[in-house]
Structures are given as structure tokens and as C-alpha cells.
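> Dropping the sequence and predicted coords here.
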Amino acid sequence: MYFPEYRARRTRRNNNIRRMVRETFLRVDDMIYPMFSAFGENVKSEIPSMPGIYQQSIDNIVIEAREVYELGIPAVILFGIPECKDAMGTDAYCDTGIIQETIRAIKKEVPELTVITDVCMCEYTDHGHCGVIKDGDVDNDETLKLLTAEALSHAQAGADIVAPSDMMDGRIAAIRAVLDDNDFSHIPIMSYSVKYCSAYYGPFREAADSTPQFGDRRSYQMDPANRQEAFREAALDVDECADFLMVKPALAYLDIIRDIKERFDLPLVAYNVSGEYSMVKAAAEKGWIDYDRVMMETLIGMKRAGADIIITYHAKDAAKILNAE
């Protein structure tokens, strides 16, 4: 096929033809909306680095959850800001913890909405790390005990899916075993399989109040320079019976999304993280970009790379655009 006999522009002539030959589609069904649940009543505090995103008490979380459901977004993922933190992150696996109570409230008022819970310790520990500290580092195997207790408590409270984000070795198998042993074999595990130690998480740490009080998370999150390691991490989670795989962050790791999609046949989630969201919002507020177009182009890029599902703070904005089409 050579010019002038072949002209690629023929199939771009008007909107209808472009729609007919479009290869990649973003749907409202593809998105998960993150929410931050905080202790108290009548709390709705905007996160300064994430315009439009709030720390909210349960009463307001339920109101927004209903809005999310009415937009057609199928699921939310919950992160908790407890009243008190301690070295062992007790609120993470307490029956009356902030996330456990939030799950119950959402499932009571918006039962059709799928509730996914982040399973990690960093939001609940006073040191901000993702597990039990021994000799200045996170002890992998001791942390597994807390993560399994946390995942079980979420399932008992009514969570539909649990999503471990800690990056401890062996946590998928440990959580699967505990869920199965307690009559929750039907609960899927959405694993943060390929989670890089990324500077793109900065605004999230403000939102979840989870900045490490010493050091960083390089001993358990992945080196951004590594590609082959992502395959090993994903393969381990597949072997341990994960139901979903995830790549986090998304925007700077589209190659990894494509790689994982080509190698594994589980549903693949991309996490469009806080820093990616905040950059788009900040540029739009400066008048430098068209927010709607850049947002949709970014999400389409993640889908084109191979993501089946996208966790994104843009979900409500994107859903409004898609629903209007």
C-alpha cells in the first residue's frame, strides 16, 4: 500500500468514519474510583495537592458513593485515615476500624456498588511503613500476619474485593489461605503485583497521611529501572492465585502494562496515581492544557497499552463525559 493509491486520511474524514474504525474504547465500566475515609462526622476536607478529592467522614463517603454508582462507575476502592495510629497499625484489622465501618455503611446504603479495600499497613502505622518494623526495616513474615488479619476483617465487614498493596513476598497466598479457611473463598484478590517505588505517589501520601517517618520504601517496592522483575512479581502472584494483576503507577509505566498484558491472561488493572492526576489538574488550572481532552487521552493511552480496568481519581469527570456521548 503506497501513496497516492493508498491514502490513510480517507478513514479520518469525519467523526462517524473515525468512530467506525476506532480501535480502543474507554467505558464507564472500566473505572474504579478511590475514596479516603476519615474518622469523625460531617468531615469533607479537600486535599490541597489533589483538587476535587477529599478526606471524608463516613456520612459524606456514603453520599459520594451513591453519586459514583449513579454515574455508572461499578466500584470504589477505599483508603482509611484512622483516629489513632500505632506501631502495629491496629485500626487496620480492628472490627470497628475506619474501613470496616465504611464498608458496612456503603453496603447498607448503596449495596449494588462494588467495594474494594486497600490492604496495607502504611495508613495505620505511626511510622508510616507498610508493616512491622524490625532492625529499621519492614519484617516480611511478621507483616503477613497483620495483612491476613486485615484482609479477613474487610471480608467480614462486607468487602467485595480485597487489594493488597504492601509488596510483601507471599502475601497473596497467605491472604488466599485465610479467606478460604474462613468461608470467603468467593472473595477475589486484586493484587498490586507490580508496584514501583515512585515519586508519583506524593499527593497520595498527603491524602492518606502515610508518609514514612524514616527512610523510604525501596526495600519492598520495585526499582523504577527494572522491567524483567515485573514479570517475576506478576508470575508469583498468578501462582499464588491472584484474581487481578495491577501495575502502579500507570503513566510512566505503559510499557510494563503492555508487557504484563501480553504475558498473563488475568484481568489487568492500571492505577492512574495521585501524582499523575495532580499534574493534569495543576496544568489545567494554569490554563496550559484542556483538562477534559488531556484526561481522556491519558486514560485511553492506558487502555491502549493493555489495561482492562483503571483506578483513577478522574473517574467521575470521565464518566460524565462518556455518559454525555
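Yep, that arrived.
> how many neighbours does residue 178 have?
19 (other C-beta atoms under 10 Å). Quick note: C-beta positions are derived from backbone N, CA and C, even for glycine.
> For the least confident helix or strand in the chain by mean pLDDT, what is the distance to the chain centroid?
The weakest-scoring helix or strand in the chain, judged by mean pLDDT, DSSP states H and E, is helix 202-208 (a mean of 77). Taking C-alpha atoms, centre = their mean, to the nearest Å, one finds helix 202-208 lying 13 Å from the centre of the chain it belongs to.
> which other helices and strands contact it?
Judged by 3 or more C-beta pairs under 8 Å, 6 or more residues apart in numbering; DSSP states H and E, helix 202-208 is in contact with strand 75-81, helix 274-285.
> how about 7 Å then?
helix 274-285 (3 or more C-beta pairs under 7 Å, 6 or more residues apart in numbering; DSSP states H and E).
> Where does pLDDT dip in the stretch 51-200 of the chain?
By pLDDT under 70, the stretch 51-200 of the chain contains no weakly predicted segment.
> the helices in the stretch 51-200 of the chain, which residues?
Secondary structure of the stretch 51-200 of the chain (DSSP state H, counting those that start in this stretch): helices located at 58-70, 98-109, 140-157, 171-181.
> How about the longest one, which residues are buried there?
Spelled out, that is helix 140-157. 140, 143-144, 146-155, 157 (16 or more other C-beta atoms under 10 Å).
> One more: stretch 15-35?
Quick answer for stretch 15-35 (16+ other C-beta under 10 Å): 26, 28, 30, 31, 32, 33, 34, 35.
> Mind checking which of those are in strands?
Of these, the ones assigned to strands by DSSP state E are 31, 32, 33, 34, 35.
> mind putting those in CSV, pLDDT included?
What follows is those, written out as CSV (pLDDT from 0 to 100):
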residue, pLDDT
31, 98
32, 98
33, 98
34, 97
35, 97
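> which of those residues lies closest to residue 178?
Among these, residue 32 lies closest to residue 178 (C-beta to C-beta), at 23.7 Å.
> From what I see, the closest one and residue 308 are in contact.
No: under the criterion of C-beta atoms under 7 Å, residue 32 is not in contact with residue 308, lying 11.2 Å apart.
> re the thing from before, mind putting the buried residues of helix 140-157 in CSV, distance to residue 237 included?
Shown next, in CSV, are the buried residues of helix 140-157 (distance: C-beta to C-beta, whole Å):
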residue, distance to residue 237
140, 15
143, 17
144, 14
146, 19
147, 14
148, 16
149, 20
150, 18
151, 14
152, 19
153, 22
154, 18
155, 19
157, 24
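> For those, work out which two are farthest apart.
Pairwise over the buried residues of helix 140-157, using C-beta to C-beta, the maximum falls at 140 and 157, 26.0 Å.
> Okay, the nearest residue to residue 25 once chain neighbours are set aside and residue 310: tell me how far apart.
Counting by C-beta to C-beta, 6 or more residues apart in numbering, the nearest residue to residue 25 once its immediate chain neighbours are dropped is residue 303, at 7.2 Å. Distance, residue 303 to residue 310, using C-beta to C-beta, to the nearest Å: 7 Å.
> shared neighbours, those two?
Among the neighbours of residue 303, those also in contact with residue 310 (C-beta atoms under 7 Å, 6 or more residues apart in numbering) are residue 30.
> quick one: which of those two has more around it?
Legend: neighbour count by other C-beta under 10 Å for residue 303 and residue 310, higher for residue 310 (23 against 18).
> Tell me the secondary structure at that one.
strand (DSSP: H, G, I helix; E, B strand; the rest coil).
> Over to residue 24?
Taking three-state DSSP as the rule, one finds residue 24 in the coil state.
> Could I get the contacting residues of it?
300, 303, 304.
> In whichever strand or helix holds the second one, which residues are buried?
In this case it means residue 303. With secondary structure defined by DSSP states H and E, residue 303 is part of helix 291-305. The neighbour-count check on helix 291-305 (16+ other C-beta under 10 Å) flags 294, 295, 296, 298, 299, 300, 301, 302, 303, 305 as buried.
> residues touching residue 321, list them.
Applying C-beta under 7 Å, 6+ apart, the residues near residue 321 are 292, 296.
> Correct me if wrong, but it is in a strand.
No: read with three-state DSSP, residue 321 is helix and lies in no strand.
> now it: how far from residue 314?
According to C-beta to C-beta, residue 321 and residue 314 sit 10 Å apart.
> Same question for residue 271.
Distance, residue 271 to residue 314, by C-beta to C-beta: 12 Å.
> The two - which one has more neighbours?
Shown here are residue 271 and residue 314; by other C-beta under 10 Å, residue 271 has more neighbours (29 against 24).
> The more buried one pairs with what?
residue 311 (DSSP bridges).
> before we move on, what about residue 75?
Bridge pairing for residue 75 - DSSP bridges - gives residue 32, residue 114.
> wait, isn't it in contact with residue 32?
Yes: contact criterion C-beta under 7 Å: residue 75 and residue 32 qualify, at 4.6 Å.
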